[in-house]
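Colleague: What shape does this take:
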Amino acid sequence: MIAAESGSHSDGYGSRLETRSWMSQRTGHAPAGVAALTVGALGVVYGDIGTSPLYAMRESFASHHHSLVTSNDNVLGVLSFVFWALMIIITVKYLIFVMRANNNGEGGILALTSLVLGRDRANTKSRSKRGMLVLFGLFGTALLYGDGMITPAISVLSAVEGTKVKTDRLDDWVVPIAVVIIIGLFAVQRRGTASIGKVFGPIMAIWFAVIGLLGFVAILDNPVVLKALNPFYALQMVTSNNLDGFLALGSIFLVVTGGEALYADMGHFGVRPIKIGWFTVVLPALLLNYFGQGALVISDPSAIDNPFYRLAPEWAVWPLVGLATMATVIASQALISGAYSLTMQAVQMGYIPRVKITHTSAGSYGQIYIASINWVLMVACIGLVIGFQESTNLASAYGLAVTATMAVTTILFYVVLRERFGWKRPPAMLLCSTFLVVDLGFLGANLFKVPDGGWFPLVIAGVVFTLMTTWHTGRGLVAAKVRRNDLELSTLMQRVGPQAIPRVPGVAVFFFSVPGLAPPSLIANLRYNKVLHDRTFICSIKTDEVPRVEAADRAEITDLGWGVKQIVLHYGFMDEPNAYNGLTEGAAAELGIDPERATYFLGSETLHVSEMPGMAKWREHLFKFMARNSTKAANYFGLPSGRTIEVGLQVDI
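Modeller: Down below sits the predicted model:
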């Protein structure tokens, strides 16, 4: 295994870690550019939260673990919770505060974790204290994979179930149709979303306009629902329904699923377009539709079986089913693409083994495809649809992962407020405690979903968390064994006396993760071949705790003498670490390396599970399995296989 196990060593981080100031935002877009980005954000950022009206209101009144009578007071109470959840969690928490905590403009829980980890990284005591925070961040990341599996399943299934409002002839076909749609969705992923993505925004704009209009018409017929703006009705609903009132919060929370997407996708669109889209389109449309559903249920309590579709006139049901299906496919696409991006970041940060990443667009960064993740998600989604059969059953599994992730985000955000933005303890504690009370309230209600399906995202998170921590710990053990006999490059050069070593023509690039130390492959080459290339480069690939590193800043070069140079290639955790291209970018371009004629030397460890202290035996076997099945280093770093030599080394773990 080579160089560049991201995050394994502290070298090269401190001086390159940058964070935007508290008040920074992306500005400078032309009006037309902001408009285009806003429309684009409607498709990518708001797909998940925008399709929640399909099932959230219905589930708030009846699920496997609670049941509310569709009385006027209960309807107003649920609507009051909907309104204040959208305002407190999405508007205040994410849009006003959390999105300010960005790592060079990029958001998401892994970016937030990198901000927490980056401070005082070289300080062993400080690093150990925040180890628990990093584990929180990793577990929150793991939970998002469960969310990525459930969202396409429940969204597509709930859209297709709209046919039941019109006819019962297709009842037996709902699950097969949903499965076919899901298979088609995942099958086209390898083609990329660059072209189809252009229509995502306009379709979602139509979607929000339609659902807003349907709700508005219903509110005109029964404007009494506007009383729900008073939070008193929310409090009354909980107190008057006792345990059922509290458990209903687990379903009401479905209205804010997708909130993490606002934060995770901010780097693609910027803060301003996301805010404009929320305040001008998404929030008004969602509130109108939810309140419209409430107005309908007050007038006709039986409509609670599917209040979303029953808002539509008879003639509009079939077109609405078609539009809803497209909207849910778009929402699913956003979650799938998010899983790809999350995986790439985790690989770069050293928490997941290398995987084959295919870039599907030459002009759009971030358009990637990861086959292994794609097929795992597809199988999981199909299994969920077949296993749960109905969206109301799936709703019992949905929400727990998102709620837990939001609580983790609040905890990490508190640390960033204190350490990055210099907030005093009292105001930071007051703000984050308020958010945490809301998060934990919803989380507590969602915990009752565990027996009815909530166990699924927890199991997925547990598996992913175990894989991530096993890989990171295992790489640390291997690095410690490989570095047991560390030798400084300068010392090696002095010992072997390069002047006396026969030089052979050509360019050789030796890879190793720690700058300044002699790569085992170089030592082996000197020991057995007893030659040194005329031009020899020692290359280290480092993942900095910033999202991206500009090509001009990519390479740091140190001349070691005797024709030997050290090159450190820096990449962000959202960059593709292509060493083949990196050797010709920035300062490295001045070296005149022809990557097609160079010879590349990599270290390759053969792992052996032993009785030596380290991890539990089962984790060591798991780590060995993961290492054996990870993408070859040469392929991952873009090196030509015909010019790459791997030097083996057995490592006992």
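Colleague: domain assignment for this structure?
Modeller: For the chain, the structural domains run 36-474, 487-652, going by automatic domain parsing.
Colleague: Following element in sequence after the strand of greatest length in the chain, please.
Modeller: In the chain, taking DSSP state E as the definition, the longest strand is strand 532-543. Going down the chain from strand 532-543, the next helix or strand is strand 555-561, by DSSP states H and E.
Colleague: which helices and strands sit right next to that next one?
Modeller: Strand 555-561 makes packing contacts with helix 489-496, strand 564-571 when contacts are defined by 3 or more CB pairs under 8 Å, 6 or more residues apart in numbering; DSSP states H and E. Yep, even glycine has a C-beta here, placed from its N, CA and C like the rest.
Colleague: Could you tell me the angle between the first one and strand 564-571?
Modeller: Think helix 489-496. Between helix 489-496 and strand 564-571, the angle comes out at 160 degrees (axes from the mean of the first three to the mean of the last three CA atoms, to 10 degrees).
Colleague: Can you check what angle separates whatever helix or strand comes next after helix 489-496 from helix 489-496?
Modeller: Using DSSP H and E, the helix or strand that follows helix 489-496 towards the C-terminus is strand 503-511. Strand 503-511 and helix 489-496 are oriented at 150 degrees to each other (the same axes, to 10 degrees).
Colleague: Show the average pLDDT along strand 503-511.
Modeller: What strand 503-511 shows for mean pLDDT is 88.
Colleague: which helix is the longest one in the protein?
Modeller: Looking across the chain with DSSP state H, the single longest helix is helix 317-348.
Colleague: List the buried residues in it.
Modeller: Within helix 317-348, the residues that count as buried by 16 or more other CB atoms under 10 Å are 317, 320-321, 323-348.
Colleague: tell me the mean pLDDT for the helix or strand just after it?
Modeller: Downstream of helix 317-348, the next assigned helix or strand under DSSP H and E is strand 358-359. Over the span of strand 358-359, the pLDDT mean works out to 74.
Colleague: Other residues contacting the helix or strand that strand 358-359 is followed by?
Modeller: Per DSSP H and E, the first helix or strand lying C-terminal to strand 358-359 is strand 368-369. The contact list for strand 368-369, computed with CB atoms under 8 Å, 6 or more residues apart in numbering, reads 189-190, 192, 340-341, 344, 357-360.
Colleague: one step back: now do the longest strand of the chain against helix 489-496: the angle between them, please.
Modeller: With the same axes, to 10 degrees applied, the angle from strand 532-543 to helix 489-496 works out at 160 degrees.
Colleague: so what strands line up beside strand 532-543?
Modeller: strand 503-511 (parallel), strand 564-571 (parallel) (DSSP bridges).
Colleague: wait, doesn't residue 534 sit right on residue 504?
Modeller: Yes. Using CB atoms under 8 Å, residue 534 is in contact with residue 504, at 7.0 Å.
Colleague: what residues are up against the residue nearest the centre of the chain?
Modeller: Centroid-nearest residue in the chain: residue 342, 3.6 Å away (criterion: CA atoms, centre = their mean). By CB under 8 Å, 6+ apart, the contact list for residue 342 reads 108, 110, 141, 144-145, 264.
Colleague: again, 10 Å this time
Modeller: Residue 342 makes contact with 108-110, 141-142, 144-145, 148, 264, 352, 373, according to CB atoms under 10 Å, 6 or more residues apart in numbering.
Colleague: returning to what we had before: mind putting the helices and strands packed on strand 555-561 in a markdown table, distance to residue 437 included?
Modeller: Below are the helices and strands packed on strand 555-561 laid out as a markdown table (distance: least, CB to CB, whole Å):
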| stretch | distance to residue 437 |
| --- | --- |
| helix 489-496 | 55 |
| strand 564-571 | 39 |
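Colleague: most packed of the ones you listed?
Modeller: Neighbour counts (mean count of other CB atoms under 10 Å) averaged over each of the helices and strands packed on strand 555-561 peak at strand 564-571, with a mean of 22.
Colleague: And the helix or strand that that strand is followed by, how far out from the chain middle?
Modeller: Per DSSP H and E, strand 564-571 leads on to helix 579-582 as the next helix or strand towards the C-terminus. Distance of helix 579-582 from the chain centroid (CA atoms, centre = their mean, to the nearest Å) equals 26 Å.
Colleague: Show me what helix 579-582 is packed against.
Modeller: Other helices and strands packing on helix 579-582, by 3 or more CB pairs under 10 Å, 6 or more residues apart in numbering; DSSP states H and E, are strand 503-511, strand 532-543, strand 564-571, helix 633-636.
Colleague: Could you export these to JSON lines, including columns for distance to residue 292?
Modeller: Below are these laid out as JSON lines (distance: least, CB to CB, whole Å):
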{"stretch": "strand 503-511", "distance to residue 292": "61"}
{"stretch": "strand 532-543", "distance to residue 292": "48"}
{"stretch": "strand 564-571", "distance to residue 292": "49"}
{"stretch": "helix 633-636", "distance to residue 292": "51"}
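Colleague: Which one, of the ones you listed, ends up nearest to residue 418?
Modeller: Among the helices and strands packed on helix 579-582, strand 532-543 comes nearest to residue 418, with 25.5 Å by CB to CB.
Colleague: Make sure residue 645 is indeed in a helix.
Modeller: No. Read with DSSP: H, G, I helix; E, B strand; the rest coil, residue 645 is strand and lies in no helix.
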